[in-house]
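Trainee: Below is the structure, and that's it, no one-letter string:
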């Protein structure tokens, strides 16, 4: 019996050795797809990865030179007196130590004519022109604790980098670089190897989402009535007809002579009125959001439209038009989409592509609102399901891609926009149509959000008139509120 147990133990040990050998062989020569395409294992995708927040060290200078003089006298029996000068002193009378506040009688020149001063109380060396103690905090690398250096200045943020050559984060990434690139001059610059932090100089969380443009125009008609405005919006927005063709259609079918510029003015005024209602509507939210951006042309220059939609209701809850594809408009679109949430749901998920602006925006939510608003971005990378995450969440990303294609159908008739304000007006009208007027096949050809006052209208021009009316009520309510963002539209009424 003992021999059988002994042989079984030997057999189990042999099997463990074979399993370990096979696992080692698979890991070396037959990598799984998920490992091969995961950005944490491929240095080529490190530039799309957002590093964690840095360590912030605050500097406190609570001591005073009088306290230090008393302390040295009591503890060490040393009396610190004013400097006895043998010659005339050229130190300005208003000069003081930036660390302890000692006045000019306690200051001496440390390097002659070079300008450096020394405090005889706290022994601090400083320059009267540059106060290094005015810095209230220091940013440090979370991997090695080294002070970050500011290396670049962008439009809305500063780039800080860890330049420590012994940083474990840098050394670990350096091992993944191809050997041939290390031998090339500046070959390492093809990769993102060091820790990087972006400090934003613009606070996108203090910008008002309900601000109205200047020089607003009223909808008082001298020649046309509200029904004609509804007809213009129906043809131009619902049926994606250009301004000139809309004017020709009104003349041929309805006998209404109107210029295309007048139709453009009507669309602009209607967009200004409807936008507050659309932005402040109480959409049913599921806790799963999908974000994406698409390209447009403004005067022939490439610009961008950012969309954030709820995955369950499929309503567009956040949107933004920008001339740059950076993190600023991404934050504004995400703020618009998430501002109805008092806190993040337990199973909250935000799905986007591999663009780093979404992860940077999510990081700023945690910085501004604390740990309760800390969430990760589920990234669906590429066009094929090369990893488990992309395979699981690809259907959600396809919702955003389908939304972009639907938007491009109405965008193509405009052949681009003349300015960014016009792009904002057109996108606002299209979002209002998409959320409240457009029949969707996924909802059995019903609208996404039913509003009783809009549903009561008999025809589409009447529905546009009701949208304008609700927008005017929302504007009046927001103007009477003392706190921004306190007005919420529920089922066509303002609460």
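Mentor: Nice, I can see it. Quantities reported herein were computed from a predicted structural model and do not represent experimental measurements. Residues are numbered from 1 along each chain as shown.
Trainee: Please settle this for me: is residue 457 part of a strand?
Mentor: No. With the criterion set as DSSP: H, G, I helix; E, B strand; the rest coil, the secondary structure at residue 457 is coil rather than a strand.
Trainee: just checking, it touches residue 469?
Mentor: No. Assessed by Cβ atoms under 8 Å, residue 457 is found out of contact with residue 469, at 10.2 Å. From N, CA and C alone the C-beta is placed, and that goes for glycine too.
Trainee: Which strand or helix spans residue 209?
Mentor: Under DSSP states H and E, no helix or strand contains residue 209.
Trainee: for the nearest residue to it once chain neighbours are set aside, helix, strand, or coil?
Mentor: Residue nearest to residue 209 in three dimensions, not counting chain neighbours: residue 336, with 5.7 Å by Cβ to Cβ, 6 or more residues apart in numbering. Classification of residue 336 by three-state DSSP places it in helix.
Trainee: For the closest residue to residue 312 other than its chain neighbours, grab the count of nearby residues.
Mentor: Leaving aside its sequence neighbours, residue 312 sits nearest to residue 286 (Cβ to Cβ, 6+ apart; 3.5 Å). When neighbours are defined as other Cβ atoms under 10 Å, residue 286 has 15 of them.
Trainee: Residue 286 reaches residue 309, doesn't it?
Mentor: No. Between residue 286 and residue 309 there is no contact under Cβ under 8 Å: 10.6 Å.
Trainee: Need the pLDDT of residue 217.
Mentor: Reported pLDDT at residue 217 in the predicted model: 54.
Trainee: Tell me where the stretch 301-450 of the chain has helices.
Mentor: For the stretch 301-450 of the chain, the helices defined by DSSP state H, counting those that start in this stretch occupy 327-338, 356-369, 388-411, 420-432.
Trainee: list the contacts for residue 287?
Mentor: Neighbouring residues of residue 287 by Cβ atoms under 8 Å, 6 or more residues apart in numbering: 344, 345, 347, 348, 349.
Trainee: TSV for those, including distance to residue 77, neighbour count and pLDDT?
Mentor: Formatted as TSV, the entries for the contacts of residue 287 read as follows, by distance: Cβ to Cβ, whole Å; neighbours: other Cβ atoms under 10 Å; pLDDT from 0 to 100:
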residue	distance to residue 77	neighbour count	pLDDT
344	60	17	89
345	65	12	87
347	67	8	86
348	63	17	91
349	67	18	92
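Trainee: Flag the shaky bits of the chain, pLDDT-wise.
Mentor: Within the chain, the set of residues satisfying pLDDT under 70 comprises 1-2, 27-48, 59-62, 134, 208, 210-222, 414-415, 482-495.
Trainee: Could you report the neighbour count for the residue nearest to residue 209?
Mentor: 19.
Trainee: My guess is it contacts residue 318. True?
Mentor: Yes. Counting by Cβ under 8 Å, residue 336 sits close enough to residue 318 to count as a contact (3.7 Å).
Trainee: any shared contact partners between the two?
Mentor: Joint contacts of residue 336 and residue 318 (Cβ under 8 Å, 6+ apart) are residue 308.
Trainee: So which residues make contact with stretch 365-374?
Mentor: Contacts with stretch 365-374, where a contact means Cβ under 8 Å, 6+ apart, come from 53, 205, 334, 338, 343, 344, 375.
Trainee: Let's see that with 6 Å instead.
Mentor: Contacts to stretch 365-374, defined as Cβ atoms under 6 Å, 6 or more residues apart in numbering, come from residues 205, 343.
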